[in-house]
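> Here you go, sequence then predicted model.
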Amino acid sequence: MTTMKTQSYYIAGGPTGVLLLHGLCGSPTEMRFVANAMARAGHTVYCPQLAGHCGSEEELKASTWQDWFASAEAALAELRKTCSNVIVGGLSTGALLALKLAADRPDEVQGLALFTPTLWLNGFQIPWYMRFFRLVTFKSFAHLFRFATPDGFGIKDDRIREFIRRAAGTGNAPSVPVYTPGGAALERWRLAKTVQRLVSRITQPTIIMHPREDDYAALSNAFYLQRNLGGVVDLVVLDDSYHLVTIDRQRHIVVERTLAFIDRLKASFAGAELAATHIRQAVPA
């Protein structure tokens, strides 16, 4: 494993690349379990640290969704240097960045794995007054707000939650933010609105994994994408996890279904290449 940024990590493997994007106020560590499983299966994996993250509150507040997206674009370009096909996965806000990559770079993104995609913060632990934040349009005003992290940190399993709480700050566990700065929440909302306008033109095969009991983003987020994405969508509804499905109780199911999805895509890649070879051979020189 070669560290490429402060907390980014890259695992060299085969010709199929897997780009994994963490969520808002998160870190690449929240993708580590999935990333290691992808690497053991022989794939090249990159988990970049998004701009403004893993540092100070001021750094996060100063960043924009365009900065986060630039990090994702740079990571995709890095993977494309050695990988002929790339599947982009993302958790929560990271899933929105994955969708934006697929819309903007359809020839470079061959599939999507979306873990709890969050267009709307409407889970059962999101306070009712959060809906009024959409009326805020100026970032200077948004900076006056802070939104406390819901109880449980998006993790259903008490044991896992306690482990992360104790390991917080050591670099060996996902970060557990106490709150989300209002400016970052506004940037997330702007990104979500941008992605909504692009959804219908995204045609890559997609798998969505979303818990029925998502404390941050209700299942309606996944249903919306299933109905409106332009390609084939496989929706997996998890019944024993909260928002951070890459960490929570059913993380093994997340890995299994993601690997099976990638295997199906690899088979289609091979079939397409074989067909193209036959066509080239059949055409007279």
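Done, it's in. Computed from a predicted model, the values in this text were never measured in an experiment. Numbering: from 1, shown residues only.

> Could you verify that residue 218 is part of a helix?
No - under DSSP: H, G, I helix; E, B strand; the rest coil, residue 218 falls outside any helix and is assigned coil.

> Quick check: closest non-adjacent residue to residue 59.
residue 52 (5.2 Å; C-beta to C-beta, 6 or more residues apart in numbering). C-beta coordinates here come from the backbone N, C-alpha and C atoms, glycine included.

> what do you get for residue 15?
residue 84 (4.9 Å).

> secondary structure element for the residue most central in space within the chain?
The chain has residue 90 as the residue nearest its centroid, 1.1 Å off, counting by C-alpha atoms, centre = their mean. Assigned by DSSP states H and E, residue 90 falls within strand 85-91.

> so where is this protein shaky, pLDDT-wise?
By pLDDT under 70, the low-scoring segments of the chain are 1-5, 150-152, 167-178, 271-285.

> Now do the helices in it.
Remark: helices assigned in the chain by DSSP state H are 32-40, 57-62, 65-80, 93-104, 139-142, 158-167, 182-198, 220-228, 251-282.

> between the first one and strand 85-91, how many degrees?
With axes from the mean of the first three to the mean of the last three C-alpha atoms, to 10 degrees as the basis, helix 32-40 and strand 85-91 are set at 170 degrees to each other.

> For helix 32-40, buried residues please.
Of the residues in helix 32-40, 32-35, 37-39 count as buried by neighbour count, 16 or more other C-beta atoms under 10 Å.

> Could I get the CA-only coordinates of that helix as CSV?
Listed next in CSV are the C-alpha coordinates belonging to helix 32-40 (Å, rounded to 0.1, in the frame of the first residue of the first chain):
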residue,chain,number,x,y,z
ARG,A,32,-11.1,0.9,4.2
PHE,A,33,-13.0,-2.3,4.9
VAL,A,34,-14.5,-2.2,1.4
ALA,A,35,-11.2,-1.1,-0.2
ASN,A,36,-9.3,-4.0,1.3
ALA,A,37,-11.8,-6.5,0.1
MET,A,38,-11.7,-5.0,-3.4
ALA,A,39,-7.9,-5.3,-3.3
ARG,A,40,-7.9,-8.9,-2.1
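
> Out of the helices of the chain, which one sits most buried?
helix 93-104 (a mean of 26; mean count of other C-beta atoms under 10 Å).

> is it true that residue 149 touches residue 165?
No - at 11.6 Å, residue 149 does not count as touching residue 165 under the criterion of C-beta atoms under 8 Å.

> distance of residue 30 from residue 7?
Using C-beta to C-beta, to the nearest Å, we find residue 30 at a distance of 11 Å from residue 7.

> between the two, who's got more neighbours?
residue 30 (26 against 19; other C-beta atoms under 10 Å).

> Do I have it right that the residue nearest to the centre of the chain meets residue 21?
Yes - assessed by C-beta under 8 Å, residue 90 is found in contact with residue 21 at 4.0 Å.

> Overlap in contacts, the two.
97-98 (C-beta atoms under 8 Å, 6 or more residues apart in numbering).

> re earlier: run a quick neighbour tally on the residue nearest to residue 59.
Counted with other C-beta under 10 Å, the burial measure for residue 52 works out to 23 neighbours.

> thinking again about what came up before, could the buried residues of helix 32-40 go into JSON lines alongside distance to residue 75?
Listed next are these as JSON lines, based on distance: C-beta to C-beta, whole Å:
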{"residue": "32", "distance to residue 75": "16"}
{"residue": "33", "distance to residue 75": "19"}
{"residue": "34", "distance to residue 75": "15"}
{"residue": "35", "distance to residue 75": "12"}
{"residue": "37", "distance to residue 75": "19"}
{"residue": "38", "distance to residue 75": "14"}
{"residue": "39", "distance to residue 75": "15"}
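
> nearest to residue 270, of those residues?
residue 38 (18.6 Å; C-beta to C-beta).

> And the closest one, how far from residue 263?
12 Å.

> circling back: what sits against the residue nearest to residue 59?
Applying C-beta under 8 Å, 6+ apart, the residues near residue 52 are 59-63, 67-68, 184.

> All good on my end, thank you.
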